[in-house]
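> need a structure here:
(one chain, ligands or ions: 2)
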Amino acid sequence: MQSVIGVFAVVLVLVGVCDWGRSLVVAAAACGKYGLFQDACFVHDESVTLDYSDGLLDQQYAALVNRTDLEAWFEQEVQWAKERIQANIIVQAGVSVVVASPSKVAPDYYYQWVRDSAMTMLTFNDWRDELGDTAMGVLEGYLRNVYLLQRVDNLSGDFADNGANLGEPKFLVDNSPFNEPWGRPQNDGPPLRLISSLKILNDTEYGGALQQAFDTICLPDLNFVLDHWQDEHFDLWEEVRGQHFFTSMVQLYSIDKTIRFLQETELQTADALKLQLQTVRNNLQQFVGAQFASIREGIVVETPSNLGDRPSGLDIAVVLASLLVHPIDESTDGLPFDIDARELLETFHRLVQEMRDLYPINAGLHDLSGVALGRYPEDVYDGVGISEANPWFLCTAVGANLMYRLVTLYDDKKSDLVIPLNNSGIWQRFVALDTEIRVSHKEVVIPYHSQAFNKTLGNIFNFGDSFLSVIQSHVSDDGEMSEQFNKYTGYLTGASHLTWSYCEFLNAIKARDAAKSIL
Ligand code: NOJ
Ligand code: NOJ
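Numbers count the residues shown, from 1 in each chain. Ligands and ions are numbered 1, 2, ... in the order given. Modelled structure (predicted):
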């Protein structure tokens with residue numbers, strides 16, 4: 001391992017990086033030269049160019065951001081978000097590093113977080129066609145980054161000690177370990193990294209190199225999930241030690257995805273591993289089903305052991321988890337808490353209600369409109385330190401995403417909409433009253449493709465748009481999304497140009513495009 005890193009360091013020194021500020025052109029050494037993946041060289045390992053200098057970044061924004069026309073703003077912001085994400089990715093010597101934010105002080109987010117990077121690559125993977133070889137260079141560079149970071153010993157542990165180091169949440173941008181106190185381990189990192197690695201491998205032709213890629217990149221994270229799914233760890237917000245819905249859900253999904261990947265690719269897998277995968281998959285699914293939805297009437301609780309400190313039990317992480325585990329372009333039907341699960345929608349409904357009152361900037365919004373959303377009601381992180389929490393761009397985008405996804409899901413199901421009356425919170429916003437609706441003492445039934453059905457889906461879609469229009473109001477004049485926006489003034493606050501904010505915005509737009517095409 002030492003030699004891999006040693007050679008890697010030499011390569012970093014030798015490689016020239018031109019004009020950091022604008023276009024980033026880096027000649028990547030052939031992977032064989034510095035020992036990554038030994039002889040199983042990836043196909044796309046030539047030079048990677050992340051050239052975002054032709055786009056909006058060069059123009060004057062103040063005049064550009066359209067705050068009145070939603071569709072026109074989408075077009076601008078999509079372009080802007082893609083460019084900003086690319087600006088936050090450094091490709092050096094064939095290794096991609098996703099910087100969480102360019103902000104180096106107040107707060108210092110100039111690091112790579114395992115979680116943020118994996119989420120970014122899931123979004124980035126959608127641009128394969130658009131960006132061609134550049135996309136492939138970045139994606140494969142990410143796989144090399146995964147390989148490298150997995151083998152960096154750190155304060156969570158040593159790689160040689162059965163991969164004890166893999167729960168480490170963040171690293172310096174030069175891939176060296178972060179040696180300060182932090183909420184570690186964060187056990188959502190390995191499964192998220194596994195999910196994004198599998199997705200990249202799945203969508204690429206690797207032929208004979210696939211087995212080695214799986215063994216060297218996927219297996220370490222997979223084994224970590226299998227060995228540690230029952231362990232306590234810090235949550236995705238890096239604050240609470242315990243068992244968390246978000247982590248358990250991504251662990252479950254990563255195992256399920258691996259099982260499907262192995263079946264489809266027919267890679268060699270030891271029988272013992274196959275058996276273990278099935279066993280843990282079943283146990284985890286049972287655990288998720290039993291643990292998080294029964295503790296509070298009607299909702300899913302992110303961290304059941306933490307209800308003392310956070311009595312609302314509400315957290316947008318729950319929605320984030322469901323959207324991630326049930327992606328629009330993959331069938332994960334067997335996994336629990338799909339986006340239309342009753343407890344999930346109720347959790348979201350209550351979050352919207354609470355946050356409407358919590359953040360003064362929501363006061364002017366119509367009762368039926370989407371609102372600015374933050375992480376959880378009891379939050380006190382203001383983006384730099386501890387005071388009063390604000391709404392977050394990524395959380396607000398997640399609200400929109402959920403609504404668009406519901407539209408697509410209900411249309412796909414091709415069945416009547418059945419709304420239980422004892423859990424109709426969110427539905428009161430949507431249901432288009434009409435004579436076709438059948439109401440009994442316990443449920444409302446809206447027949448599939450009736451006018452009322454179509455109108456109801458239209459209302460859900462518009463509710464989604466109303467979250468994005470909150471974002472439209474609060475991006476900066478030059479289209480920037482930071483981490484948070486001030487709950488009194490709406491102005492950007494916290495880490496500037498947060499990569500994850502742009503990703504969740506783009507994820508929402510992807511879901512919106514799909515929903516729009518069926519309405
Ligand atoms: C405290 C925040 O609450 C947490 O979510 C964040 O990750 C760290 N500070 C790092 O800035
Ligand atoms: C704070 C968030 O709480 C955490 O989820 C994220 O990974 C880091 N910031 C970096 O963006």
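> now the strands: where do they sit in the stretch 101-250 of the chain?
Counting by DSSP state E, counting those that start in this stretch, the stretch 101-250 of the chain has strands at residues 112-113, 170-171, 233-234, 241-242.
> Let me know the average pLDDT across the third one.
If you average the pLDDT over strand 233-234, you get 98.
> Report the distance from that strand to the chain centre.
Here strand 233-234 is found 18 Å from its chain centre; the criterion is Cα atoms, centre = their mean, to the nearest Å.
> counting contacts, what elements does that strand pack onto?
strand 241-242 (3 or more Cβ pairs under 8 Å, 6 or more residues apart in numbering; DSSP states H and E). C-betas here are computed from N, CA, C, even on glycine.
> Mind listing residues that contact the strand it packs on?
For strand 241-242, the surrounding residues in contact (Cβ atoms under 8 Å, 6 or more residues apart in numbering) are 183, 232-235, 303-306.
> where's that strand relative to the chain centroid, distance-wise?
21 Å.
> ok, now stretch 442-460?
That offset, for stretch 442-460, works out to 30 Å (Cα atoms, centre = their mean).
> how about it: buried residues?
444-446, 450, 452-453, 455-457, 459-460 (16 or more other Cβ atoms under 10 Å).
> returning to what we had before: now list the buried members of the contacts of strand 241-242.
233-235, 303-304, 306.
> Next, give me the two most distant ones among the residues you listed.
Phe234 and Pro304 (15.5 Å; Cβ to Cβ).
> What's the end-to-end length of stretch 160-167?
In terms of Cα to Cα, to the nearest Å, the two terminal residues of stretch 160-167 are separated by 14 Å.
> how far does it sit from the chain's center?
Worked out by Cα atoms, centre = their mean, stretch 160-167 lies 24 Å from the chain centre.
> and if you look at stretch 418-428?
28 Å.
> got the contact list for that stretch?
298, 342, 345-346, 348-350, 352, 431, 441-446.
> Among the residues you listed, which are located in strands?
443-446 (DSSP state E).
> which one of the residues you listed is nearest Gly157?
Glu443 (51.6 Å).
> Can you name the residues of the stretch 151-300 of the chain that neighbour ligand 2?
236-238 (Cβ under 6 Å from any ligand atom).
> Can you say which of these are buried?
236-237.
> which residues touch the nearest residue to Phe453 once chain neighbours are set aside?
Residue nearest to Phe453 in three dimensions, not counting chain neighbours: Ile446, with 5.0 Å by Cβ to Cβ, 6 or more residues apart in numbering. For Ile446, the contacting residues are 416-419, 431, 436-437, 452-453, 456, by Cβ under 8 Å, 6+ apart.
> Model confidence for Ile446, exactly?
94.
> Quick check: the farthest pair among the contacts of stretch 418-428?
Val352 and His441, at 27.3 Å, using Cβ to Cβ across the contacts of stretch 418-428.
> Looking at the two, which is more packed in?
The neighbour count for Val352 versus His441, taken as other Cβ atoms under 10 Å, is higher for Val352 (21 against 5).
> How about that one: what's its closest non-neighbour residue?
Counting by Cβ to Cβ, 6+ apart, the residue nearest Val352 is Val371, at 6.0 Å.
> Was I right to think the one you found contacts Ser469?
No. Val371 is beyond contact range of Ser469, at 10.8 Å (criterion: Cβ atoms under 8 Å).
> the more surrounded of these two?
More crowded of Val371 and Ser469, by other Cβ under 10 Å: Val371, with 24 against 19.
> Show the overlap between the residues of the stretch 151-300 of the chain next to ligand 2 and what lies near ligand 1.
Near ligand 1, by the rule Cβ under 6 Å from any ligand atom, you find 237-238 out of these.
> Can you pull the residues of the chain lying near ligand 2?
So the chain meets ligand 2 at 100, 109, 113, 115-116, 236-238, 500 (Cβ under 6 Å from any ligand atom).
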